[in-house]
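Student: Whatever this is, show me its structure:
(one chain, ligands or ions: 1)
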Amino acid sequence: MKKIYIVYPKSIGTIAPEIYGHFTEQLGGVFYDGLWVGKDSEVENIKGFRKFVIDKLKAINAPVIRWPGGCFAETYDWRDGIGKERPVRRNWWTPNDGRYENNAVGTHEFMDFCEAVGAKAYFAANLTSSTPLHICRWMDYCLSNENTTSLAAERKINGRADPFNIPYWGVGNENWGGGGNMSPAHYGNEYRRYATLMENTDNTAVLIACGPNGSDYKWSEEFCGTIVNSGVKINGLAMHYYCGSAGDALNFNKDEWYRMLAQANKMEEILLRHWHILQGFGMDNRVKLAIDEWGCWHPEGSGPSKGYNLFEQQSTVRDAVVTALTLNIFNNNCEKIMMANVAQLVNNLHCLFFASGGDSIVTPTYHVFDMFKEHQGGSAIQTAVTGNDEFNCSVSVSASRKNGYTTVTLANLSAETDMEISLESVGVNLQNTADMTVLYNEDMHAHNTFEHPDTVKPFTCAADISKPFIIPKTAVVSLKCKEC
Ligand code: AHR
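Tutor: So this is what the prediction gives:
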């Protein structure tokens, strides 16, 4: 049996709701056929966006959505996506999938989507092939008050008098790779140029710099060294971390199950070391991590479009457990993280939805976001688990409190063994009966399809947490416990 101590005197910090954020790129089937069906579509929609997805995102309190990329941002000109005439362009992904961007979705449309969901917007600015002035003009167009600038007037002509609410601005994307293959010092100097003018355009904008690719600590060190004494504004350091190379999305064995989970578990060490670098430069009082792309990256072709949509991959029980493990790591390190964005929302890597034509379904990953949503804005409490020495036989856990309830989320990482759990709350008493939600399927390869949308879905029950209880192998569990 494992004992899980919830150590109430040890509060970690507040879990920013934005840690439960999303990422949407104009890539493959994310927008076209996925999110965007068009205003005249027979598919139920709100201002052209699939209503099913909007309703489901509202249900999980989706807090923030990043756009338009990813790599797409590196060749994106925001002027292509406003007004009546929308040019058709090659885009970053055209060499991969032969598709062209018709710019049907641009700034106004994306903001319609965010507003329908009730999510904040996080725009990724093109630092690779644009200029600081062009990005400042985008900010002017989006953020200037009515009756001030010519760009605000143009926005009004295009249907929007009031400024948009876009609090977060990314200064580039993956500039160590597709974003220009820059050295960290080169990027740091570019960052100084862009961020200075972006702050000058709107000094309330939250500016997020391109951070490392996973465990590239050299990037963080040299970038921080380049900007630390510059006086330039920086609020976030973006980090990307994908796990992969552990079998296929649907076909994997137990070794690959554990290999994938071990990679996901690395997230904690990686974010800690980048955090320590920020601390080393004395920047931790003004900069937090923004893990604005994370998830499993399986070989493509397993999703409903059978390879037509670039990077589309199925999502099984394994992806659900990776989701739970990752979100628990974020909760347990919430004081270091301002935001995280799972990549990507629909018909893509580690997605929450598949959607095409009249079909729309949620994936096991969606269910985990639903089961964890009570953590948003909660105060994270330290937990300690006995008997977690063997990774292959361990349980992942986090806890937070809000409004008189404690939420505890767990994932049994074992592909073989059910686990008996006893909860020990230290410093606060909990009522014996808690609401329990369990996501479980005996087949770790189980997944949802258009034909069978509910193969993996949670059930709820009342649980007596004063006694030990069982979490089945591969299961994700959430408990909502009333404090007394
Ligand atoms: O999410 C797919 C791609 O992965 C993004 O465009 C890029 O930023 C990352 O390499």
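
Student: Around the ligand, which positions in the stretch 1-150 of the chain sit nearby?
Tutor: Proximity of the stretch 1-150 of the chain to the ligand, by Cβ under 6 Å from any ligand atom, involves residues 25, 69-71. Any C-beta I mention is one placed from the backbone N, CA and C, and that applies to glycine too.

Student: Reformat the residues you listed as a markdown table; add pLDDT, neighbour count and distance to Trp169.
Tutor: Formatted as a markdown table, these follow (pLDDT from 0 to 100; neighbours: other Cβ atoms under 10 Å; distance: Cβ to Cβ, whole Å):
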| residue | pLDDT | neighbour count | distance to Trp169 |
| --- | --- | --- | --- |
| Glu25 | 98 | 27 | 16 |
| Gly69 | 96 | 27 | 14 |
| Gly70 | 97 | 28 | 15 |
| Cys71 | 98 | 20 | 18 |
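
Student: Pipe the residues you listed into a markdown table and attach secondary structure per row.
Tutor: Formatted as a markdown table, those follow (DSSP: H, G, I helix; E, B strand; the rest coil):
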| residue | secondary structure |
| --- | --- |
| Glu25 | coil |
| Gly69 | coil |
| Gly70 | coil |
| Cys71 | helix |
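
Student: and of these, the nearest to Glu374?
Tutor: Nearest to Glu374 among those: Glu25, at 28.5 Å, using Cβ to Cβ.

Student: For His240, grab phi and psi.
Tutor: His240 adopts backbone torsions of phi -110, psi 130, taken as degrees, to the nearest 10.

Student: For stretch 135-147, which outside residues touch it?
Tutor: Here stretch 135-147 makes contact (Cβ atoms under 8 Å, 6 or more residues apart in numbering) with 78, 82, 107, 123, 125-127, 149, 151-156, 161-164, 166, 169, 194, 197-198, 200-202, 205.

Student: Over it, what's the mean pLDDT, rounded is fine.
Tutor: Averaging pLDDT along stretch 135-147 yields 98.

Student: next one: stretch 92-99
Tutor: In this model, stretch 92-99 has a mean pLDDT of 97.

Student: From one end of that stretch to the other, what's the distance?
Tutor: End-to-end span of stretch 92-99 (Cα to Cα, to the nearest Å): 10 Å.

Student: Tell me the gap between that stretch and the middle of its chain.
Tutor: 24 Å (Cα atoms, centre = their mean, to the nearest Å).

Student: What are the contacting residues of that stretch?
Tutor: For stretch 92-99, the external contacting residues (Cβ under 8 Å, 6+ apart) are 27-28, 69-72, 74-75, 91, 100-101, 178, 310.

Student: longest strand anywhere in this structure?
Tutor: Longest among the strand segments of the chain by residue count, using DSSP state E, is strand 2-14.

Student: Provide the strand pairings for that strand, with the direction of each partner.
Tutor: For strand 2-14, the paired strands and their directions (DSSP bridges) are strand 379-385 (antiparallel), strand 419-426 (parallel).

Student: wait, which of these is closest to the ligand?
Tutor: The ligand lies closest, by Cβ to the nearest ligand atom, to one member of these: strand 379-385, at 27.5 Å.

Student: contacting residues around the residue in the chain that the ligand sits nearest to?
Tutor: Per Cβ to the nearest ligand atom, Gly70 is where the chain lies closest to the ligand, at 2.7 Å. Residues near Gly70 by Cβ under 8 Å, 6+ apart: 23, 25, 27, 92, 124, 173-174, 293, 343-344.

Student: One more: Trp275?
Tutor: By Cβ under 8 Å, 6+ apart, the neighbours of Trp275 are 284, 289, 333, 336.

Student: Output the residues you listed in CSV, with distance to the ligand and pLDDT appended to each entry.
Tutor: Formatted as CSV, the contacts of Trp275 follow (distance: Cβ to the nearest ligand atom, whole Å; pLDDT from 0 to 100):
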residue, distance to the ligand, pLDDT
Asp284, 25, 97
Leu289, 16, 98
Asn333, 22, 98
Lys336, 22, 98
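
Student: Can you name the residues of the stretch 251-400 of the chain that neighbour the ligand?
Tutor: 293, 343-344, 349.

Student: Just the ones of those in strands?
Tutor: Those of those lying in strands (DSSP E): 293, 343.
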